[in-house]
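Student: what's the 3D shape of this:
(chains A and B)
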Amino acid sequence: MCSVNDEGAESFEELKPDEPLELKCRKCLTEDGNVILRKKDVYCKTCFIPMVTHKFRATLGKSKLVNKGERVLVCVSGSQSSVSLLHLVWTGLQQSTYKRLTFDPVIVYIDESILFKYPQNQQNKIQELFEKYGLSYHIVLFASVLYSNNCLIEDTNIDQHNNKLKNIFKNISDLTLKEDMLMKLRKHAITKLAKLLECTRIITAENEHKLSIRLLSNVALGRGSQIGLDIGLAVNDKTNSKKSLITIRPLRDLSAKEISYYALFNKLEDYVHSNFLTATNEDESIQKTTEQFINNLQVEFPSTVSTIFRTGEKISEKTSRTAYCSMCQGIMDIEMPPSSAMEATKYSKYVSLMGLKALELSLNNIDNKESDLKRCNGCYCKNNQNSKEELLKNLCYACRHIIQNLESLDDLPEEILKKNSEKLQFQKMEEQIKDFLL
Amino acid sequence: MTILCSTKCGRNAVLKRPKTGDTLCKECFFWAFELEIHSTIINGKLFKKGDVIAIAASGGKDSTVLAQVLKTLNERYNYGLKLVLLSIDEGITGYRDDSLKTVLENKDEYQMPLKILSYQQLYGWSMDKIVAEVGRKNNCTFCGVFRRQALDRGAMLLNVDCIATGHNADDIAETVLMNILRGDVARLQRCVNIITTTEGAIPRCKPLKYTYEKEIVMYAYFKKLNYFSTECIFAPNAYRGHARTFLKDLERLKPSSIMDIIHSGETMCIKENVKMPERGVCTKCGFVSSQDICKACMLLEGLNRGLPKLGIGKSSKANKALASLSNPKSLNF
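Tutor: Residues are numbered from 1 along each chain as shown, chains lettered A, B, ... in the order given. As a prediction, the model looks like this:
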């Protein structure tokens, strides 16, 4: 099929390859340049660092969301972006009065060494780094955050918790879903830590490049309605009615290259930070394929990342809905009109199993029939099956795909299950009184 | 080893459905394929009884299968539709002339009236001539823009209620990706609609919206349908090619990706404060346009004035260029 319109092509400006670059910094015009950005703009080190700092401060300031003295959770994973974030925050706190950052940062590092192979002394190194900055910090184990309420002090059941965590990922064989689940659990852990540490704001270190990859993978995973949540500047956690918890991403206007140079010029060391996709091939997971695709396009069309990113800025969730997914806190996107991709998929599955018999039953019977089919498969442990069905009811489209892979729900963090049973309780109440509600 | 059909009809399965992974026999596959499109039509309320529907027929697999299925369903479920074929002859030697032969065969086979409109008669330019003028780069812009309007013109001539196009699930998913890559939020919102209605224009619908391309090929293969499957001889659109390859990679990893992307498109919403292009009409030809002068008129003006690059790129630039030219000549269709 031919493209309807090629308008988009014009925004990818072609650079004349032989155009000689200015050697002097384009800002101060006196110093020799050290960095080339956007293939043509030359900056010297002295002008470059304030520019990065300014972008960080501007993004943070623009949000107008951080108040004086507010406790802010700063998430450091050890990646280059996150050590740069830490440095930017620290530098901000050292400034003279009128420029000084006024919030109260709490640094956290979540140790995921139970899932991935890290160098043995990694935790010590991170600790040294945090000590050097002299800010208040916490180093916690991933499993204890998820399963224990005492994670900040001591987790007495750490072995049991570690096993639970490993079990979850053992049960998911698909790399794409594994990674997706990791993302959701990380988010869950960070939210929990923020509450425990009485922080009302969370700062994370994703840069433009990373966010645009996340955006496109989200679309491919069926998380289109959650884009705002996953890449937005400030995300208000509406499920937490008592105290609003807001996630801010102040590095989102910086490119991966800018951050690399910032880290290089400030001699910031970064640490091994893995996920399930580390050292896997691009043809094994959706996220990695997407990353490869964007990187390749970026070489040919240098504005790819920023175009994707700007598109994402204009997308929001549908506001009319009030229900949220029990797992990812994303908007519930499962009550779709009869003409939708979701219903069409359901019908396809149904027709392929029923064949000609599909004709005799009307479309409305699908759901009944469907649950009949499921019951036959899982009758050996009816209870378990039921609770899974109940959880699935309160999950968004993409999270359902993950949970369907799990054999048992016992390994999920308690809060998720608890929240779900609360929701179910509420739904039951609503069901009972619905005839009398005006 | 024989595998049984998953509907328990007792027959041996001959295929594995790309969409669901189920194994089906030929008969059950036909049923499943047709029933799904039937359900799409009913749930999407695409047609009303007594409507006259123009099937946009290129002679390719999608439109051939669409014609066959619509005819079958119309008879089986008494839609009460009058179906006509509408073809656009872009004037590409070695491509469209051959594919139109397929359309002519379809016309006889399905007993449907056929209307062919050509770029030559509508615009005075065939694609062959346009390519000779503008070269191989950017010629898809002309072809795409002209075809959109040509279909509208054809549909008006035939006085139909709706145009059915053969866009399949892969096409829609690909368009969602393309619009994100190009930052075209207005189209991003529109492209997943199953019916697009515009005031003053004839509605268009996509009955194959949820049908996988692979299954369309399977259906045509087992029904032994005759279709034309050559790529256009002019440069294929490189940028869309990237998106297509990406989508195929995703589908290989997870067959449901295509539906997942459409689902994403259906649940995405554009923020209220984002400026959207306003819909108006072209001051020259009266067709729907977001600009004063529609893209088709702009491209045509460029061709007629010997400035073929005029309409390619930003509309604002083209407007400036046009204003600087003296004595604008009005266009007649």
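Student: Could you check which residue of the stretch 51-200 of chain B lies nearest chain A?
Tutor: residue B:182 (3.1 Å; Cβ to the nearest Cβ). Where you see a C-beta, it was placed from the backbone N, CA and C, and this is true even at glycine.
Student: got it, and the stretch 1-150 of chain B?
Tutor: Taking Cβ to the nearest Cβ, the stretch 1-150 of chain B has residue B:7 as its residue nearest chain A, at 2.8 Å.
Student: What sits closest to that residue if chain neighbours are left out?
Tutor: In space, and not counting its chain neighbours, residue B:7 is closest to residue A:355: 2.8 Å by Cβ to Cβ, 6 or more residues apart in numbering or on different chains.
Student: Okay, now the unreliable bits of the stretch 101-250 of chain A?
Tutor: Judged by pLDDT under 70, the stretch 101-250 of chain A has its weakly predicted residues at A:155, A:233-243.
Student: same thing but at 80, please
Tutor: Along the stretch 101-250 of chain A, segments meeting pLDDT under 80 span A:149-157, A:228-229, A:232-244.
Student: ok, the residue in it that chain B sits nearest to to residue A:340 distance?
Tutor: Closest residue of the stretch 101-250 of chain A to chain B, Cβ to the nearest Cβ: residue A:224 (2.5 Å). Distance from residue A:224 to residue A:340, counting by Cβ to Cβ, to the nearest Å: 12 Å.
Student: ok, now residue B:15?
Tutor: Taking Cβ to Cβ, one finds residue B:15 at 26 Å from residue A:340.
Student: Average pLDDT for the longest strand along chain B, rounded please.
Tutor: For chain B, the longest strand by residue count, based on DSSP state E, is strand B:82-89. For strand B:82-89, mean pLDDT is 92.
Student: Also stretch B:194-210?
Tutor: Mean predicted confidence for stretch B:194-210 is 86.
Student: Now do that stretch: distance to the chain's middle.
Tutor: 10 Å (Cα atoms, centre = their mean, to the nearest Å).
Student: That stretch vs chain A: in contact?
Tutor: Yes: judged by Cβ under 8 Å from any Cβ of the partner chain, stretch B:194-210 comes into contact with chain A at B:194, B:210.
Student: show me what contacts the residue nearest the centre of chain A?
Tutor: Taking Cα atoms, centre = their mean, the centroid of chain A lies closest to residue A:230, which sits 5.1 Å from it. Contact partners of residue A:230, counting by Cβ atoms under 8 Å, 6 or more residues apart in numbering or on different chains, are A:211, A:214, A:215, A:218, A:223.
Student: Inside helices: which ones of the residues you listed?
Tutor: Counting by DSSP state H, the contacts of residue A:230 place A:211, A:214, A:215, A:218 in helices.
Student: give me the subset of those touching chain B.
Tutor: Near chain B, by the rule Cβ under 8 Å from any Cβ, you find A:215, A:218 out of these.
Student: Put together CSV for the ones in helices among the contacts of residue A:230, with neighbour count on each row.
Tutor: Shown next, in CSV, are the ones in helices among the contacts of residue A:230 (neighbours: other Cβ atoms under 10 Å in any protein chain shown):
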residue, neighbour count
A:211, 23
A:214, 20
A:215, 24
A:218, 27
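Student: Is the residue nearest to the centre of chain A located within a helix, as I assumed?
Tutor: Yes: checked against DSSP: H, G, I helix; E, B strand; the rest coil, residue A:230 lies within a helix.
Student: which residues touch residue 26?
Tutor: Just going to use chain A. A:33, A:41, A:42, A:43.
Student: ah, I was thinking of chain B
Tutor: Here residue B:26 is in contact with B:14, B:15, B:222 (Cβ under 8 Å, 6+ apart).
Student: Let me know whether the last one touches residue B:27 as I believe.
Tutor: This points to residue B:222. No: using Cβ atoms under 8 Å, residue B:222 is not in contact with residue B:27; the gap is 9.7 Å.
Student: Buried ones in stretch B:218-229, by neighbour count?
Tutor: Neighbour counts over stretch B:218-229 (16 or more other Cβ atoms under 10 Å in any protein chain shown) mark B:218, B:219, B:220, B:223, B:225, B:227, B:228 as buried.
Student: Helices - which of those residues land there?
Tutor: B:218, B:219, B:220.
Student: ok, the first one to residue A:169 distance?
Tutor: Just to be clear, that refers to residue B:218. According to Cβ to Cβ, residue B:218 and residue A:169 sit 36 Å apart.
Student: Could you list the low-confidence segments of the stretch 301-438 of chain A?
Tutor: Along the stretch 301-438 of chain A, the parts satisfying pLDDT under 80 run over A:316-323, A:329-337, A:355-387, A:407-408, A:437-438.
Student: By proximity to chain B, which residue of it wins?
Tutor: For the stretch 301-438 of chain A, Cβ to the nearest Cβ, closest residue to chain B: residue A:355, 2.8 Å.
Student: Isn't that residue up against residue B:31?
Tutor: Yes: between residue A:355 and residue B:31 there is a contact at 6.1 Å, judged by Cβ under 8 Å.
Student: Check whether the helix or strand where residue A:58 lies comes near chain B.
Tutor: Under the criterion of DSSP states H and E, residue A:58 resides in helix A:45-63. No: residues of helix A:45-63 are not located near chain B by Cβ under 8 Å from any Cβ, the shortest gap being 14.9 Å.
Student: What residues does residue B:152 make contact with?
Tutor: B:163, B:201, B:202, B:287.
Student: For residue 263, pull up the helix or strand it's in.
Tutor: As the question left the chain open, I've gone with chain A. helix A:256-265.
Student: My question was about chain B, not that one.
Tutor: Judged by DSSP H and E, residue B:263 forms part of helix B:257-267.
Student: Are that helix and chain A in contact anywhere?
Tutor: Yes: residues of helix B:257-267 contacting chain A under Cβ under 8 Å from any Cβ: B:257, B:259, B:260, B:261, B:262, B:263, B:264, B:265, B:266, B:267.
Student: ok, the second one to residue A:204 distance?
Tutor: I take that to be residue B:259. 31 Å.
Student: Likewise for residue A:391?
Tutor: In terms of Cβ to Cβ, residue A:391 sits 27 Å off from residue A:204.
Student: How about residue A:167?
Tutor: Residue A:167 is 27 Å from residue A:204, by Cβ to Cβ.
Student: Looking at the two, which has the bigger crowd around it?
Tutor: Counting neighbours by other Cβ atoms under 10 Å in any protein chain shown for residue A:167 and for residue A:204 shows that residue A:204 has the greater number, 21 against 14.
Student: Could you verify my assumption that the more buried one touches residue A:75?
Tutor: Yes: Residue A:204 lies in contact with residue A:75 (Cβ under 8 Å); the separation is 4.9 Å.
Student: Look up the residues that both of those two are in contact with.
Tutor: Contacts common to residue A:204 and residue A:75, judged by Cβ under 8 Å, 6+ apart, are residue A:190.
Student: Show me what from the stretch 101-250 of chain A comes close to chain B.
Tutor: By the criterion of Cβ under 8 Å from any Cβ, the positions of the stretch 101-250 of chain A lying close to chain B are A:174, A:176, A:215-216, A:218-225, A:227.
Student: any idea of the pLDDT on residue 100?
Tutor: Assuming you mean chain A. For residue A:100, pLDDT reads 83.
Student: let's do chain B instead
Tutor: Value for residue B:100, per-residue pLDDT: 88.
Student: Spit out the contact partners of it.
Tutor: Residue B:100 makes contact with B:59, B:87, B:89, B:116, according to Cβ under 8 Å, 6+ apart.
Student: possible to save those as JSON lines with distance to chain A?
Tutor: Output for these, formatted as JSON lines (distance: Cβ to the nearest Cβ, whole Å):
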{"residue": "B:59", "distance to chain A": "13"}
{"residue": "B:87", "distance to chain A": "15"}
{"residue": "B:89", "distance to chain A": "15"}
{"residue": "B:116", "distance to chain A": "18"}
